[in-house]
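Enquirer: 3D, please:
(2 chains)
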2 protein chains.
Amino acid sequence: MFAEKYADRVEFLTPSSIRKMMAIAKELVAHGKTVYELNIGQPDIECIPEFCEAIEKKAKTGQLNYSPYVGEKYLRETYARYLNNFFDRRSKAHLVIDTENVLVTVGASHALTSTFLTVCNPGDEVLTIEPYFSPYKGFLAIAGGTLKAIPTRAEDNFALPSAEEMEKLITPKTRAIIFNSPNNPSGHIYNAKEVECLARLCIKHNLFLISDEVYREMTIGDQEAFSVLQLDLGDEEMNEKLKNALIVIDSASKTFSLCGVRIGFVISRQPILEKIGLVVAHTTACVSDIMQYGVAGAYDAILSRPDYLENMRSVYRERLEETMRAISEYLPDVVAPKPDGAFYIMIKFPEFEDITEFCHFMLEKFNLGGETVAVTPAGGFYLTRDRGRNEIRIALVVSPEKMRRSIQIIAEALKAFRQFKVNLVRPML
Amino acid sequence: MFAEKYADRVEFLTPSSIRKMMAIAKELVAHGKTVYELNIGQPDIECIPEFCEAIEKKAKTGQLNYSPYVGEKYLRETYARYLNNFFDRRSKAHLVIDTENVLVTVGASHALTSTFLTVCNPGDEVLTIEPYFSPYKGFLAIAGGTLKAIPTRAEDNFALPSAEEMEKLITPKTRAIIFNSPNNPSGHIYNAKEVECLARLCIKHNLFLISDEVYREMTIGDQEAFSVLQLDLGDEEMNEKLKNALIVIDSASKTFSLCGVRIGFVISRQPILEKIGLVVAHTTACVSDIMQYGVAGAYDAILSRPDYLENMRSVYRERLEETMRAISEYLPDVVAPKPDGAFYIMIKFPEFEDITEFCHFMLEKFNLGGETVAVTPAGGFYLTRDRGRNEIRIALVVSPEKMRRSIQIIAEALKAFRQFKVNLVRPML
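Expert: This is a model prediction of the structure:
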């Protein structure tokens, strides 16, 4: 039978829990239900207008052409200027990025898959800080690799284990450490000391350090994000080794509310960047030229008006504050650490062993005045068995009023769910 | 050292000869040289206007969102209608395609890589008809697979070897046969009998038949293309097996002069299509929603005005006729079979052993009144050692006048190259 002839790697691929909830929510919305879709990090904020202007200008030429596989030079130049300016604005020392250090991909997903395909043979291992962005596991499975967890806990403010503890997780098969800061889902920002610890570990064991910085601009607490590009290890030789180990991932999706544009970046040194570029050439040939012109327009715009991103941060801060207030009013028994970055809140419900059934109940069987909420059960953000099973992740992707309403709906759904479970048991008496 | 730590698969990846010539040509154009870029299949024809209208409408909403990983339902529906209509217009019996049989990808390249990642483990083999579209080799290398040739010859009008001969190439590692018709680079169209022979071979040996039909609409001779979707093997059981074996690849790039849009398709049956979809989900997450809306607008447009594609074919036919005339005038010693489909001509120069040096000489060291021509040396279109080394591929991507001028430039460059070689030898005397 043909069914037996699939490649081994596809056996490890399943739709992520984020995507599963998205499909159900879309179906319900299509049938007229009002669903606050807090299950996916897709902001309701209008995309930056300069993007639209740039693509309309390109469309008017009537010419949509193949791009070089490393990306359009104009976008690579503009992105390099943006990144250097990002650190300069904050008067931070940093590794200066040139156009030749920038590769354009089909979103951060493609940047990550292409990187894994370049550094991992089947059977190789990559370490990640848990809780982690759940799609990493599948991206790595495409290359035949296995993801392993460096566990951290909300109770310890997500502090990293000691270097010695982390070292025990490294095997001859380990090729890289990947982490994202600000972290999705926890919202935690790793500080300079922690990032330096990871970098020294990678240099010592000849690993790549893959730093996923798609939420770089999304700092919604008091703490600024610390990029691996700001590291200075104190002597020239170590800094050279550092530059050879670094692979930074970025994306236009969150920065400009452009999830549907599918433009991401890998920032690294030659020759590794050329190798990742060849994987891009042999997976998608190149990236849409018109989307690249649009995104170049967007980065160009924020270089002249940095208040654009400051305003966006204010929008998320307001949502965060109102949501935290609503949680303490409506959900007094949960544990919900306030995030410093990204735009998610992880909420732990101590009364549950596994919250998945409740999430489906709330979405599919419950409504409050015709409205309900889609959330993501958080088990998928952990590799360690049984971790995160009583947690959910919500995204701050609707207005403060709607965030408050969503928390109220979750509270009411909890009451209804408890009653639903009691009723299920009663006929047994 | 880090350089030793790349995955084995990237060792097999090099920029294709098409892309190498493109990079050099772009650099020369940037420095003011006029180059007729016949090295890449990127038409100069303006893209279909309904595409631009559709993306402007979408951009005006200010919302660019994540798409389902199988693609936007609206595009999948529209494409299925287009494909069924394509056969109906010609009153051809065909396998009816439903929305659920259509998966959207980042161009045909991504459709092919995702397919290979789904059906091939490292070490597996895929057969292709030689001359073949050179990037197949690298797409398959991403999955760790090896491409093997079914050789055909211009002298035999690219006739397939007998089923018995082809069977000798099948090993326990063989997973699929891939072919494209109309063929890039040869322009050959495989007839119903040949396609049926391939299909029966695949069914007998439990292989997938991957049919790359991106040039379906590009018939520029008298012969119509024959799609695997038109096959009828005569009895129900065989037709069921056929449906389970078929994977069709398509793209919007050539049909609408939209190479820069990066929208392709996989057309197949469940459950294989769901598996390929999961590879899409784990390589690019999804495809740009705004590009999908644009392409849906394009397919929708040609459903109501099929003359659009007929006019495009006329444009290519005119270019082909003029180019064939110019070849017989200026290049009397070459062998250049007239293609039936796609928009390329393969030209053999019997005087050469290896034509690569001449191609570089013409592009980089020669000009006729400030103008020159970029062509692709054809060795990369063959897997068999030493085949195609004295051939080039040119694409019919400029006006008839410019095609004629290009052939004249090639003829003059040949004379100059012969002199250049003589001069190189002279100092040795």
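
Enquirer: Identify the residues contacting the closest residue to residue A:358 other than its chain neighbours.
Expert: Across the structure, with CB to CB, 6 or more residues apart in numbering or on different chains as the measure, the residue nearest residue A:358 apart from its sequence neighbours is residue A:417 (5.2 Å). (Each C-beta comes from the backbone N, C-alpha and C, glycine too.) Residues touching residue A:417, when contacts are defined by CB atoms under 8 Å, 6 or more residues apart in numbering or on different chains, comprise A:358, A:361-362, A:366.

Enquirer: Would you tell me what helix or strand residue A:417 is located in?
Expert: Element membership of residue A:417 [criterion: DSSP states H and E] is helix A:400-425.

Enquirer: list the helices and strands the lowest-mean-pLDDT helix or strand in chain A packs on?
Expert: Confidence across the helices and strands of chain A bottoms out at helix A:17-30, with a mean of 86, counting by mean pLDDT, DSSP states H and E. Taking 3 or more CB pairs under 8 Å, 6 or more residues apart in numbering or on different chains; DSSP states H and E as contact, the helices and strands that helix A:17-30 lies on are strand A:34-37, helix A:356-365, strand A:371-374, strand A:376-377.

Enquirer: on that earlier part again, out of the contacts of residue A:417, which comes closest to chain B?
Expert: The shortest gap between chain B and any of these belongs to residue A:362, at 21.6 Å (CB to the nearest CB).

Enquirer: How many neighbouring residues does that closest one have?
Expert: 24 (other CB atoms under 10 Å in any protein chain shown).

Enquirer: just checking, it touches residue A:372?
Expert: Yes - using CB atoms under 8 Å, residue A:362 makes contact with residue A:372 at a distance of 5.9 Å.

Enquirer: Could you pull out the residues contacting both of these two?
Expert: A:409, A:413.

Enquirer: follow-up on the earlier one: okay, the contacts of residue A:417 in TSV with pLDDT and distance to residue A:106 next?
Expert: Converted to TSV, these look like this (pLDDT from 0 to 100; distance: CB to CB, whole Å):
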residue	pLDDT	distance to residue A:106
A:358	97	35
A:361	96	36
A:362	97	33
A:366	96	37
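
Enquirer: nearest to residue B:310, of those residues?
Expert: Among the contacts of residue A:417, residue A:362 lies closest to residue B:310 (CB to CB), at 54.5 Å.

Enquirer: Residue B:227 is nearest to which of the helices and strands packed on helix A:17-30?
Expert: Each of the helices and strands packed on helix A:17-30 was checked against residue B:227 via CB to CB, and the shortest separation belongs to strand A:34-37, namely 39.8 Å.

Enquirer: at contact distance from chain B, anything in whichever helix or strand comes after the closest one?
Expert: Read in the C-terminal direction, the helix or strand following strand A:34-37 is helix A:49-60, with elements assigned using DSSP H and E. Yes - if you take CB under 8 Å from any CB of the partner chain as the test, helix A:49-60 does meet chain B, through A:49, A:51-52, A:55-56, A:59-60.

Enquirer: Same list, those residues, but as JSON lines with pLDDT and distance to residue B:350 please.
Expert: Shown next, in JSON lines, are the residues of helix A:49-60 next to chain B (pLDDT from 0 to 100; distance: CB to CB, whole Å):
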{"residue": "A:49", "pLDDT": "93", "distance to residue B:350": "59"}
{"residue": "A:51", "pLDDT": "96", "distance to residue B:350": "53"}
{"residue": "A:52", "pLDDT": "96", "distance to residue B:350": "55"}
{"residue": "A:55", "pLDDT": "96", "distance to residue B:350": "49"}
{"residue": "A:56", "pLDDT": "95", "distance to residue B:350": "51"}
{"residue": "A:59", "pLDDT": "94", "distance to residue B:350": "46"}
{"residue": "A:60", "pLDDT": "93", "distance to residue B:350": "47"}
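
Enquirer: Nice, that's everything, thank you.
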